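Trainee: Compute the structure for the input listed below.
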Amino acid sequence: MIFMSQSGLVDPSRQAEWDAWYLEHLAIMATVPGVLSAQRFATTSAGHPPSLGLYTVTSPDVFNGAYYQSVRGMGSWLPLIAREHYRRNLFEGLACAPEVEAGQVLLLEDLKAVPAGDASASSPGVHCLRSVGLDRSTPCRLVQVVPDAPASLPHRPEVAVYRPVSARLAGKPA
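Mentor: Numbering: from 1, shown residues only. A predicted model of the protein is given here:
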């Protein structure tokens, strides 16, 4: 299962401080039993949450664990999180979050409905993730990893281009 946490700040002057906090937060999240990977991304795509945390989790039970409950969330940053960008979704459709390396980007597109049939058949490397928990701010999200090159990037406003701002951290089995 894949957990995506999207957010953004109301005070951009604190971005460097936020970025430093988030890297520490990822490392802590990677110690949660059942969180198998953690990676952070950022986008400048207009109309999309600027920050994305991407995690592989073993099941929805991860979110009920006492340790997760003690380390989750934005802590003292919560009052500075822009509500219009704060989304937490749990998805099925891939066993683990795609690894996005330097020189690659993650493309995300939210769909208003789960497509009939195999949506990934329309384009190689596209995966259709179905929302199964938490906020369920979208019923379906298409994800794809492509090279970070102009020819690979879509020019459609509904597609967000997320670049990695951290390495993928290995997590802890449950």
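Trainee: just checking, residue 173 touches residue 36?
Mentor: Yes. Using C-beta atoms under 8 Å, residue 173 is in contact with residue 36, at 6.7 Å. Every C-beta, even on glycine, is put in place using the N, C-alpha and C of the backbone.
Trainee: In a helix, residue 160, correct?
Mentor: No. Residue 160 is assigned strand when assessed by DSSP: H, G, I helix; E, B strand; the rest coil, not a helix.
Trainee: for it, what are its contacts?
Mentor: 43, 45, 48, 107-109 (C-beta atoms under 8 Å, 6 or more residues apart in numbering).
Trainee: Now, of these, which are buried?
Mentor: Neighbour counting over these (16 or more other C-beta atoms under 10 Å) leaves 43, 45, 48, 107-109 as the buried ones.
Trainee: wait, which of the residues you listed is closest to residue 84?
Mentor: Using C-beta to C-beta, residue 48 comes nearest to residue 84 of the buried ones among the contacts of residue 160, at 10.7 Å.
Trainee: mind listing what's buried in stretch 162-172?
Mentor: Quick answer for stretch 162-172 (16+ other C-beta under 10 Å): 162-164, 166, 168-169, 171.
Trainee: Just put these in JSON lines and tack on distance to residue 147 and pLDDT.
Mentor: Putting the buried residues of stretch 162-172 into JSON lines (distance: C-beta to C-beta, whole Å; pLDDT from 0 to 100) gives the following:
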{"residue": "162", "distance to residue 147": "14", "pLDDT": "97"}
{"residue": "163", "distance to residue 147": "12", "pLDDT": "97"}
{"residue": "164", "distance to residue 147": "13", "pLDDT": "97"}
{"residue": "166", "distance to residue 147": "19", "pLDDT": "95"}
{"residue": "168", "distance to residue 147": "17", "pLDDT": "95"}
{"residue": "169", "distance to residue 147": "23", "pLDDT": "95"}
{"residue": "171", "distance to residue 147": "26", "pLDDT": "90"}
